[in-house]
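Participant: sequence first, then the predicted structure:
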Amino acid sequence: MLFGSADFLLNKSARRSRERLDRALEPLGLTGKLLYVLEILGAEGARTQHEIGSLGCIDRSSAVVFIDALEALGMVERRQKPGDRRAHVVALTEKGRLALPKARALEAKVRREYLACLEPGDQRTLVALLTRLVQAHN
């Protein structure tokens, strides 16, 4: 029954894909989760930790861990938020901006290789179905 369970199969597939991505990103010092935060900052610009968590559906403690890791890598920096001395924003550094296109290319390669067992039409259908699931349960 386990292999007939959508939850089990979605989780197993996501885990396998994430493991492949993490291995591919290792030379950059990144993981898929860290890339996700870089992607948010690349798309949205400097944001508070709370905003990053909200935008990425990342719980507060995980967001702090990810940002700390990226800061240790020199890819992001915390700055005082203009107009609010108590708040800080997280921004990409030059190193983070330079790493992002390399990481995106690796992610695209991993995705292509992972989905290669499916016909292009099936890949589009899979993405469409997953999109519907996510949107229906947001």
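Facilitator: Cool, the structure landed.

Participant: so how far is stretch 88-107 off the chain centroid?
Facilitator: 12 Å (C-alpha atoms, centre = their mean, to the nearest Å).

Participant: what residues sit buried inside that stretch?
Facilitator: For stretch 88-107, burial by neighbour count (16 or more other C-beta atoms under 10 Å) applies to 88, 89, 90, 92, 96, 99, 100, 103, 106, 107. The way it works is simple: take the backbone N, C-alpha and C, and place the C-beta from them, glycine included.

Participant: closest to the centroid, which residue in the chain?
Facilitator: residue 36 (1.9 Å; C-alpha atoms, centre = their mean).

Participant: and the helices in the protein?
Facilitator: Using DSSP state H, the helices of the chain run over residues 6-25, 32-44, 49-56, 60-72, 94-115, 120-136.

Participant: dump those into CSV; add distance to residue 81 as well.
Facilitator: Output for the helices of the chain, formatted as CSV (distance: least, C-beta to C-beta, whole Å):
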stretch, distance to residue 81
helix 6-25, 29
helix 32-44, 14
helix 49-56, 10
helix 60-72, 14
helix 94-115, 18
helix 120-136, 30
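
Participant: between the ones you listed, which gets nearest to residue 82?
Facilitator: helix 49-56 (14.3 Å; C-beta to C-beta).

Participant: which strands and helices sit next to the closest one?
Facilitator: If you count contacts as 3 or more C-beta pairs under 8 Å, 6 or more residues apart in numbering; DSSP states H and E, helix 49-56 packs onto helix 32-44, helix 60-72, strand 84-92.
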